[in-house]
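**Student:** After the sequence you'll find the predicted model.
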Amino acid sequence: MGLLAGKRVFSIMALCMMVGLLLLPIVVALPSLAIGEEAPAGDAAKKDGDKVEKGRDVYYKTEGIVVGAPAPKTVDGPRDYPRYNFESRVLLWFANQQHLYYGSFVLAVPIFCMIIEFMGVVTKDKALAKRYDQLAYDFIKISLTAYSLTAILGGILIFTFLTLYPAFFSYLSGIFRIFRPVMHIYALMFVAESGTLYIYYYGWDKMREGFLKWIHLSMSVILNIIGTLLMFLANSWIGFMMSPAGVDEQGRYLGNIWHVIHTALWNPLNLHRILGNMAFGGGVVAAYAAYKFLASKTDEDRAHYDWMGYIAMALGVAFLIPLPFAGYWLMREVYAYRQQMGITLMGGLLAWLFIIQATMIGILFLSTNYYLWQAMGRMRGAEKYQRYIKYLVFILACGYMVFITPHTMVMTPAELKAMGGQQHPVLGNYGVMSAKNGGINVIITTTVLSFVWYMRGNKVSTVSWAKFGNIFMGIFFACAYFNIIFLAVYGYYIPANVRVGLSVPQVATTLSCLFFMFALNSVMMKGAKQMGPIEWGKISARSQYALIMLATAFTWMMGLMGYIRSSVRLFWHVNEIMRDNSPWAYTHTVGFAANMISFNVLFFWITILFVFWLGSLGAKKVPVESKAGIPGSIPQPVASH
């Protein structure tokens with residue numbers, strides 16, 4: 001007993017020491033951040049007897065002491081834009097996109113590991129807990145290999161910046177090196193994340209049981225906090241390029257580090273990217289499980305990878321559903337920051353890229369619904385829902401067609417002249433934002449309904465008010481569809497500035513379905529009678545192709561959104577501060593962009609398959625029985641063995 005108490009005390013002390021070391025660089029840097037960087041410049045000016053020069057923040061409109069050099073005025077030449085017989089921007093695009101793909105993956109997978117490990121710790125079924133624990137271990141092993149590759153790609157990206165865009169990188173790194181404590185925090189946090197990841201992985205076997213397991217789980221929380229903070233800091237650089245702050249109109253740093261980090265688009269970028277990363281990570285892991293399922297030779301292997309694919313898909317879709325709403329918030333903040341940027345994105349040069357984006361989002365939700373319908377085939381009793389699936393297909397198809405309908409056409413000057421203006425006489429009457437919002441909200445609501453059906457697949461509610469609950473849920477979904485569609489149609493009869501506000505009640509309706517219906521269904525299914533077990537592995541091969549499609553669409557859409565974020569700056573390195581005077585300061589055609597994104601997607605999947613192969617060399621798989629019951633919550637792995 002005394003030995004166990006000693007281990008607990010030692011574990012708590014070790015965890016507290018590690019947390020303290022991780023927070024040390026931030027604590028050390030706080031005094032410097034509080035004082036700011038004005039003091040050195042102010043003291044130097046006073047010694048020379050000169051007047052302290054002040055500038056006005058381009059975004060916050062506050063005054064500050066100028067402590068940085070203005071943004072350089074570049075010229076087309078080898079000094080500012082070296083060339084290597086290839087378009088430099090394309091090389092940088094490739095290096096940046098691959099780094100972002102792997103960075104997103106290694107951010108998402110540890111969060112999945114934390115969730116899965118926690119599920120294993122709290123479950124009372126020891127066999128199930130062991131499977132959860134092994135699954136999390138296999139995920140983090142794959143992440144470890146990908147983490148090393150991410151660091152390598154990060155080094156290649158910096159080298160690409162230094163060799164192809166030295167003037168721009170010098171200015172950007174200068175902006176972020178004037179306040180050295182923040183860069184020290186970033187570097188030390190990266191080291192801390194690496195150390196925590198390796199301790200978390202190699203300490204797995206030593207901390208599998210008892211109180212030490214909770215310590216190990218706490219380490220996963222710390223690992224994910226560090227990774228998220230690193231992503232937030234990286235997002236601040238993207239946000240600065242799109243919506244600069246903390247500098248004057250000449251690009252001179254004014255000494256307030258928080259203003260430079262906390263730009264107009266920083267918060268929506270953080271939310272949008274973390275949701276996108278999680279959905280992307282779930283898709284990649286689900287595709288890995290689908291590939292292993294299709295290659296399996298035994299029922300045991302198929303059961304294991306079927307279970308793995310479902311969990312990864314459920315986690316990914318859980319973050320996919322709120323992703324469009326985060327995208328709306330980001331676009332709203334873009335409009336609020338610069339209306340012209342919003343017009344360029346949604347109604348001008350880049351508008352047709354959002355039609356492509358809408359197409360990919362539709363593919364994501366269609367693939368998700370198709371997988372859920374196929375997954376009902378592994379449940380006895382779920383066949384009662386099969387006859388209604390055709391109606392869901394019709395609803396999804398209608399919502400999808402409305403969602404991808406454009407408002408304007410890409411036309412030549414001669415076509416514009418013949419038509420008499422930008423507005424098409426037929427198409428110009430459709431494709432307004434309220435209708436598109438209605439389309440995507442109908443798709444999301446239908447996806448929620450498919451999940452509810454899946455959760456009820458092999459169960460019959462035993463609560464006394466089950467009939468009333470079913471009627472209430474049916475009426476609630478019917479009213480939700482009516483409200484969303486009514487607002488979508490009503491948007492055609494009101495001015496555009498009023499129409500924008502219709503997205504709020506549409507989103508509120510969809511979220512009400514998501515939270516209220518899931519909660520009510522969970523209460524109704526508590527203690528429900530099971531008509532039969534889930535037969536893991538007894539699912540069609542078509543469902544696995546749907547998972548692969550889901551992951552591919554995620555990957556392609558991530559590349560598209562990265563291109564859109566960069567292209568909205570047009571011919572600026574830093575929007576309205578530092579101009580891009582390279583010979584490539586133009587917007588590529590939609591066709592070229594699509595080909596480049598497709599090449600990035602193909603290269604990523606070739607390399608990630610190699611990473612998966614490396615990770616599977618020493619993987620030890622815990623058997624999963626092909627037949628098992630399910631609990632009443634998502635995700636739904638095996639429950640009784």
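**Tutor:** Arrived safely, thanks for sending. Residues are numbered from 1 along each chain as shown.

**Student:** Spatially nearest residue to residue 190 (excluding sequence neighbours)?
**Tutor:** Nearest residue to residue 190 in three dimensions, chain neighbours excluded: residue 230, at 6.4 Å (CB to CB, 6 or more residues apart in numbering). Glycine gets a C-beta too; all of them are placed from N, C-alpha and C.

**Student:** how deep is the one you found tucked in, by neighbour count?
**Tutor:** Residue 230: 18 surrounding residues under other CB atoms under 10 Å.

**Student:** Can you tell me the SS state at it?
**Tutor:** Assigned by DSSP: H, G, I helix; E, B strand; the rest coil, the conformation of residue 230 is helix.

**Student:** which residues does it contact?
**Tutor:** Each residue near residue 230 by CB atoms under 8 Å, 6 or more residues apart in numbering is listed here: 186, 189-190, 193.

**Student:** one more time with 7 Å
**Tutor:** 189-190, 193 (CB atoms under 7 Å, 6 or more residues apart in numbering).

**Student:** same deal with residue 595?
**Tutor:** Going by CB under 7 Å, 6+ apart, the list of residues near residue 595 is empty.

**Student:** got a list of contacts for the one helix or strand residue 484 maps to?
**Tutor:** Assigned by DSSP states H and E, residue 484 belongs to helix 466-490. Helix 466-490 has contacts (CB under 7 Å, 6+ apart) with 434-435, 437-438, 441-442, 445, 449, 502, 505-506, 509, 512-513, 517, 520, 524.

**Student:** The closest residue in space to residue 115 that isn't next to it in sequence and residue 444, how far apart?
**Tutor:** Using CB to CB, 6+ apart and skipping the chain neighbours, the partner closest in space to residue 115 is residue 315 (6.8 Å). As judged by CB to CB, to the nearest Å, residue 315 and residue 444 stand 17 Å apart.

**Student:** same thing with residue 195?
**Tutor:** Residue 195 is 40 Å from residue 444, by CB to CB.

**Student:** between these two, which one's more packed in?
**Tutor:** Neighbours were counted for residue 195 and for residue 444 using other CB under 10 Å; residue 444 has more, 25 against 15.

**Student:** host element of the more buried one?
**Tutor:** helix 433-455.

**Student:** could you give the angle of that helix to helix 466-490?
**Tutor:** Orientation of helix 433-455 against helix 466-490 (axes from the mean of the first three to the mean of the last three CA atoms, to 10 degrees) gives an angle of 160 degrees.

**Student:** Just after helix 433-455, pick out the following helix or strand.
**Tutor:** In N-to-C order, the element after helix 433-455 by DSSP H and E is strand 459-460.

**Student:** and that next one, average pLDDT?
**Tutor:** For strand 459-460, the mean per-residue pLDDT is 86.

**Student:** Now do the buried residues in stretch 301-318.
**Tutor:** Buried residues in stretch 301-318, counting neighbours by 16 or more other CB atoms under 10 Å, are found at 301-318.

**Student:** Touching, residue 271 and residue 326? I think so.
**Tutor:** Yes. In terms of CB atoms under 7 Å, residue 271 counts as a neighbour of residue 326; the distance is 4.8 Å.

**Student:** List only those of the contacts of helix 466-490 flagged as buried.
**Tutor:** By 16+ other CB under 10 Å, the contacts of helix 466-490 give 434-435, 437-438, 441-442, 445, 449, 502, 506, 509, 513, 517, 524 as buried.

**Student:** Which of the residues you listed sits closest to residue 221?
**Tutor:** residue 517 (30.2 Å; CB to CB).

**Student:** Derive a PyMOL selection command for the buried subset of the contacts of residue 230.
**Tutor:** Applied in PyMOL, the following selects the buried portion of the contacts of residue 230 according to 16+ other CB under 10 Å:
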select buried, resi 189+190+193
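
**Student:** Select from the contacts of residue 230 every entry located in helices.
**Tutor:** Cross-referencing the contacts of residue 230 against helices under DSSP state H gives 189-190, 193.
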